[in-house]
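Visitor: Quick one, what's the 3D model for this:
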Amino acid sequence: MAGIGTGPIVGRILTGLGLSLGSAFIFAAMSCLAGAAIYIALDRVLRRSGSTIKGNKLSLAATFSILRSKAVFPIVMVGLGGAVFGGLSSFQTSYAAERGLDYSLFYSGFVAAVIVGRLLLSGAVLRCEPHITSLVLTSCVSAAIVLLMLIETNPIVYIAAAALLGGGYGLTYSVINGLVANEAPTGLVPQALLLFSLSYFVGVFGFPLFAGTLIAEQGIRSMMSATLIIALINTTIPIFRMICR
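Guide: Numbers count the residues shown, from 1 in each chain. As a prediction, this is how the structure comes out:
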């Protein structure tokens, strides 16, 4: 998530230095090549040490078994959270331009909150009751969206909303990742984690397709309203689980 948030900041810096927009894509391509080189080097180190990485297949039977278990709740939550993040991050330039704000402020606040939260708060958060924690954190995400919908041209509130989103979203991911591992059927934890990741990518890349159409037809405010509805649905899941328990 830090990488996703840092990319737009780098692009803003490059264009601010007078370089073309294409230079940002060149930087992204070089980053991808660097990442691939690290994976290749890691693979060689593991092979020399005699370690092997065994893949885990996600069969239909395993998928249905996982979706019938309590692990389905964090899997759904990560997909909804991914949709919220995908919508807000993909169209933040349009949102900022409409309000006369600098979109790099959003990503700066988001990345800073994610890094600080993961480094300093994740340990304490993971020791708390997970359903209450996920309720508080998803509520922070909803509150951040409300702030983004209410502000006009205030950059301080803009950064604060981004930080609230980054803290809530970044820490929620850690909490529900632990939930899916604990609540997966016996022997299917690797497959449940794989389904968890798949759900995240469906949300983060699938929702912007719908959101882009919504912006083109009804404007950015409609997209923000749809994102808020998704965030509120995500907040109701831990409430539902606590009531059932």
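
Visitor: switch to C-alpha atoms for all contacts and neighbour counts from now on
Guide: Fine.

Visitor: Break the chain into its domains for me.
Guide: According to automatic domain parsing, the chain comprises the domains 1-54, 58-244.

Visitor: CSV please, covering those domains and showing mean neighbour count and mean pLDDT.
Guide: Output for the domains of the chain, formatted as CSV (neighbours: other Cα atoms under 10 Å; pLDDT from 0 to 100):
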stretch, mean neighbour count, mean pLDDT
domain 1-54, 13, 79
domain 58-244, 19, 91
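
Visitor: Spatially nearest residue to residue 239, not counting backbone neighbours?
Guide: residue 135 (6.9 Å; Cα to Cα, 6 or more residues apart in numbering).

Visitor: you'd agree the one you found is up against residue 241?
Guide: No: Residue 135 lies out of contact with residue 241 (Cα atoms under 8 Å); the separation is 10.2 Å.

Visitor: Tell me who's in contact with the residue nearest to residue 239.
Guide: 235-236, 238-239 (Cα atoms under 8 Å, 6 or more residues apart in numbering).

Visitor: Among the residues you listed, which lie within helices?
Guide: Among the contacts of residue 135, the ones falling in helices (DSSP state H) are 235-236, 238-239.

Visitor: which of these lies closest to residue 48?
Guide: residue 238 (45.2 Å; Cα to Cα).

Visitor: Verify the stated contact: that closest one with residue 137.
Guide: No: look at residue 238 against residue 137 with Cα under 8 Å: they stay out of range, at 10.5 Å.

Visitor: To which secondary structure element is residue 44 assigned?
Guide: helix 21-49 (DSSP states H and E).

Visitor: Distance from that helix to the middle of the chain?
Guide: Distance of helix 21-49 from its chain centroid, counting by Cα atoms, centre = their mean, to the nearest Å, is 22 Å.

Visitor: same deal with stretch 59-66?
Guide: 25 Å.

Visitor: Please verify my assumption that residue 234 contacts residue 81.
Guide: Yes: Residue 234 is within contact range of residue 81, at 7.2 Å (criterion: Cα under 8 Å).

Visitor: can you pull the contacts of residue 132?
Guide: Residue 132 touches residue 238, counting by Cα under 8 Å, 6+ apart.

Visitor: my guess is residue 220 contacts residue 97, does it?
Guide: No: judged on Cα under 8 Å, residue 220 makes no contact with residue 97 at a distance of 10.6 Å.

Visitor: and the ones in helices among the contacts of residue 135 as a markdown table, adding distance to residue 183?
Guide: Compiled in a markdown table, the ones in helices among the contacts of residue 135 are given as follows (distance: Cα to Cα, whole Å):
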| residue | distance to residue 183 |
| --- | --- |
| 235 | 19 |
| 236 | 19 |
| 238 | 14 |
| 239 | 17 |
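
Visitor: Closest to residue 32 out of those residues?
Guide: Taking these together and measuring to residue 32 by Cα to Cα, the closest member is residue 235, at 34.4 Å.

Visitor: Wait, the closest one touches residue 139, no?
Guide: Yes: counting by Cα under 8 Å, residue 235 touches residue 139, with 6.1 Å between them.

Visitor: show me where the chain has helices.
Guide: Under DSSP H, the chain gives helices at 2-16, 21-49, 60-67, 72-90, 92-99, 103-116, 122-126, 130-150, 155-183, 189-218, 220-244.
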